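[1] Need coordinates for the following:
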Amino acid sequence: MSGYNVAIVGATGAVGARMIKMVEQTSLPVNSVKLLASSRSAGKQLQFNGQPLTVEETVPESFEGIDLALFSAGGSVSKKFAPEAVKRGAVVVDNTSAFRMDPEIPLVVPEVNPEALKAHHGIVANPNCSTIQMVVALEPIRKAFGLKRVIVSTYQAVSGAGNRALKELRDETQAYLDGKDMEAHILPVSGDKKHYPIAFNALPQIDVFEEDGYTHEEWKMIHETKKIMLDDMDSKDIKVTATCVRIPVPVAHSESIYFEVEDPKATVKDIQDVLAKAPGIVLQDDPDHQIYPQAHDAEGSRDTFVGRIRPDQETPQAFQMWDVSDNMLKGAAWNSVQIAETMEKMGLLHMQ
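    Down below sits the predicted model:
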């Protein structure tokens with residue numbers, strides 16, 4: 001049987017594990033899968049479709065004969081090895097921040113800007129997880145009613161900081177319940193000067209601070225949104241600002257999104273109708289029966305859940321909504337594999 005030869009770089013990480021699951025479930029014909037990681041993880045055994053596969057060390061030669069390489073092993077690994085994969089004929093879908101702001105590399109959410117894939121030169125960037133779920137919800141609104149301004153506050157899961165952060169959340173929670181001191185070594189940013197407990201806490205810092213007082217996560221949400229929607233990371237056509245907060249939830253990011261539309265006739269019902277028909281969205285919006293998106297329900301789903309759509313009481317043509325999605329799936333692994341599936345449908349993915 002013919003099919004694609006796929007490599008997963010960072011296979012032993014939190015996102016890598018979910019990439020394996022998404023490749024197991026993909027509509028792409030798959031001939032073989034190669035699991036790659038650092039030399040430290042080489043030799044480990046993982047499962048693919050019920051069969052054991054040995055993790056190999058990532059080296060340039062790993063990509064010989066590979067058609068599709070999915071990267072999620074950190075920006076430095078992507079910068080080093082993604083060009084090597086492309087040189088050997090692979091298409092790379094990169095889940096790190098290494099290439100997102102490169103004007104020559106498409107930054108893609110398939111529900112929003114699939115046409116950008118036509119401009120790829122071997123590498124496609126997967127956006128930041130919090131950006132992905134927001135633009136999935138906002139793009140149908142933008143197309144139907146225009147979009148002038150976005151103000152987003154995020155409530156982001158600990159899994160976005162990796163497996164070590166998840167373990168720290170569990171350890172801190174147990175220490176708190178046992179009446180012991182909580183020890184923090186990772187969050188808000190492992191490489192920053194100070195660390196604070198995340199258990200029973202909220203940390204208004206994700207990534208490092210920029211000179212203007214915004215964190216890099218907030219910077220990414222602002223400029224990635226503009227690049228994805230308008231193909232210009234510095235566009236002034238939509239005003240975007242963000243506040244990003246880490247909360248003690250294991251999986252699934254939540255977002256409170258304020259947005260202003262151009263159409264003065266747009267109503268909540270109009271917006272609900274548009275979102276109910278939009279790809280990748282599940283509308284959960286029945287406040288009379290306390291139905292709205294929750295992280296518990298979103299975990300394990302590929303969809304983005306939207307609800308609590310309501311008009312802003314002070315500003316005409318302004319609305320608010322609540323948006324929840326599994327940051328490890330739609331925010332990372334699924335969006336990466338979905339990009340590859342979209343490329344195949346567009347005739348942009350080929351077997352060697």
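
[2] Check what contacts stretch 157-169 and list those residues.
    13-14, 129-130, 184-187, 190, 198-199, 206, 246-253, 295, 327-328, 331 (CB atoms under 8 Å, 6 or more residues apart in numbering). Glycine gets a C-beta too; all of them are placed from N, C-alpha and C.

[3] Between the two ends of that stretch, what distance do you get?
    11 Å (CA to CA, to the nearest Å).

[4] What residues sit buried inside it?
    157-162, 165-166, 168-169 (16 or more other CB atoms under 10 Å).

[5] Just the buried ones among the contacts of stretch 157-169, please.
    13-14, 129-130, 184, 186-187, 198-199, 206, 246-249, 251-253, 295, 327-328, 331.

[6] Show me these that map onto strands.
    If you go by DSSP state E, the buried ones among the contacts of stretch 157-169 have 246, 253 in strands.

[7] Would you mind giving the domain segments of the chain?
    According to automatic domain parsing, the chain comprises the domains 4-127+332-345, 131-326.

[8] right, so these: which one is the most enclosed?
    Across the domains of the chain, averaging neighbours per residue (mean count of other CB atoms under 10 Å) puts domain 4-127+332-345 on top, at a mean of 20.

[9] pLDDT averaged over it, what's the number?
    Taken as a whole, domain 4-127+332-345 has an average pLDDT of 97.

[10] quick one, strands of the stretch 151-300 of the chain?
    239-246, 253-260, 281-283 (DSSP state E, counting those that start in this stretch).

[11] Of these, which is nearest E111?
    strand 281-283 (8.1 Å; CB to CB).

[12] now, which of the buried ones among the contacts of stretch 157-169 lie within helices?
    If you go by DSSP state H, these have 14, 129-130, 295 in helices.

[13] Relative to P279, which of the residues you listed is nearest.
    For these, with P279 as the reference and CB to CB as the criterion, the closest is C129, at 18.5 Å.

[14] How about the closest one, nearest residue that isn't a chain neighbour?
    Leaving aside its sequence neighbours, C129 sits nearest to G331 (CB to CB, 6 or more residues apart in numbering; 2.8 Å).

[15] Next, the contact list for that neighbour, please.
    128-130, 132-133, 160, 253, 325.

[16] Am I right that R302 is in contact with A333?
    No - under the criterion of CB atoms under 8 Å, R302 is not in contact with A333, lying 9.4 Å apart.
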